[in-house]
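Trainee: Sharing a model that was predicted from the sequence below.
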Amino acid sequence: MSNNFLIRPLDQMIDGMYSLGAVVQRSATGAIYETGFGADARPAVIKVRYVGNPGVERLVEQWRNAIELSHPNLLGVYAAGFSKLDDAPIVYVVMERADASLAGVVAERALSETEVRELLAPALSALSYLHQNGYAHSGVKPSNILAVGDLVKLSGENAQLVEDGGDPAEDMRALGTVIVQALTTEGHSGVRTIPDVSEPVKEIVRHCLEPDPKKRWTADQVEAKLQGRTVAAAAAPVVVPASIQEIRPVPVAEERREEREEASPSRRGIPAWILAALAALVLSVVVARYWRATNPVPAAVAPVPAGDRATPAA
C-alpha cells in the first residue's frame, strides 16, 4: 500500500469524530496524528495502523482493555476500534497527548540522580497499579516515559494482561535498563559511562537486572528501597556484577533509530528533565514555523513539525 496513506489532508476524519492534524510520527506500519477527543476537544493523538499488519485484531482488544485503566501516572487511552481511511481498512487508538518524552532528554544529556529519583516515584506507582490489577506495561523505555504538564506518566496503550502474555518481571528488568540509560553519557568512543551514585540506586539497578525473573525485585520492593524503607520479602542473594559500571544497556540512540518518537505527583515543582524536554519542544516548534514560513508546502499535505513530538512509540 502506498505511503501516501501517511500524508493526509488536514480536514480528514476517522469515524466522523477524530480529525487528522499534524503528523507526529510515521513508520512503515502506520502513523500518529494530532487530534482532539470529546466535546471539549481535549488534546489527543490518534495512532493509525493498516489492518494488513499481523496481529492488529489482538492489538485493538489490548487497546480497548487499556481504556478501563485509570491512574494519575498512566497516559489515558480514550478510544480504539476499526475504521476505514480512503476505503482502506485501518485500526486506531486515541490517546492523551503528552508534552515531551524522556527519550528526547537522555539523547542529549544524562540525568542527575535526583532527577532519576523524581521520575522513578511516579513510574513505580503506575507499574505497581498495573501489576496489582493483572497487567504488565510491556513497553518500559525512555520513549514511553512522558511528561504531561508537571506529571510524569507511562504510556497506557502498551498495557497487556498477564494472561495474554504480559510479564511484570520483564517490566522491572526494563526499568533497570532505563535507570542506567538515564544516568549514562556516551563518549566519542561510543562507550557509555555512568557516574557514581548512591548505594540504594545501585542496589535497585542490580535487583532489577537480576537474570532470574523470580528473584527480580517487584515495583513495591523498589519503591520501598527508594523511600529508605525495609524491603519486604527479600529474595535470595543476587549474583550480579559488583558495579553497575559493568552493565551494558541498549543505548538510547539505538532505540530512537529503530522507533522514532513519546501515586501522586511531586509537589516540589516540575522536575528538571521535564523542563529541559519542554524547552527543546518549544525550540523545535519555533524552528518548524520559521521553516514553513520560508518553504511553503501544498495545502493538501499535513505539515510535519521539525523534531519528534512526544508520544508513545508506534
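Mentor: Cool, got the structure.
Trainee: what about K225, how many residues close to it?
Mentor: Using other C-beta atoms under 10 Å, K225 has 18 other residues around it. Every residue, glycine included, has its C-beta placed from N, CA and C.
Trainee: and the strand or helix carrying it, what's its mean pLDDT?
Mentor: Counting by DSSP states H and E, the element that carries K225 is helix 219-226. For helix 219-226, the mean per-residue pLDDT is 94.
Trainee: Tell me which residues touch V77, please.
Mentor: For V77, the contacting residues are 63, 66-67, 69, 93-96, 156-157, by C-beta atoms under 8 Å, 6 or more residues apart in numbering.
Trainee: want to throw those residues into a markdown table with pLDDT, neighbour count and distance to A126?
Mentor: Below are those laid out as a markdown table (pLDDT from 0 to 100; neighbours: other C-beta atoms under 10 Å; distance: C-beta to C-beta, whole Å):
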| residue | pLDDT | neighbour count | distance to A126 |
| --- | --- | --- | --- |
| W63 | 96 | 24 | 17 |
| A66 | 97 | 25 | 12 |
| I67 | 96 | 16 | 16 |
| L69 | 97 | 18 | 9 |
| V93 | 96 | 25 | 18 |
| V94 | 97 | 26 | 20 |
| M95 | 97 | 26 | 15 |
| E96 | 96 | 21 | 13 |
| G156 | 95 | 27 | 9 |
| E157 | 95 | 25 | 13 |
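Trainee: what's the closest of those to G134?
Mentor: The nearest member of the contacts of V77 to G134, counting by C-beta to C-beta, is L69 at 10.7 Å.
Trainee: how close does that closest one get to R26?
Mentor: The gap separating L69 from R26 is 27 Å, by C-beta to C-beta, to the nearest Å.
Trainee: same thing with G139?
Mentor: Counting by C-beta to C-beta, the gap from G139 to R26 is 19 Å.
Trainee: likewise E96?
Mentor: Distance from E96 to R26, by C-beta to C-beta: 21 Å.
Trainee: swap in V106?
Mentor: 23 Å.
Trainee: Those two: which is more packed in?
Mentor: Neighbours were counted for V106 and for R26 using other C-beta under 10 Å; V106 has more, 27 against 16.
Trainee: Would you map the helices across the stretch 1-150 of the chain?
Mentor: 56-67, 102-106, 113-132 (DSSP state H, counting those that start in this stretch).
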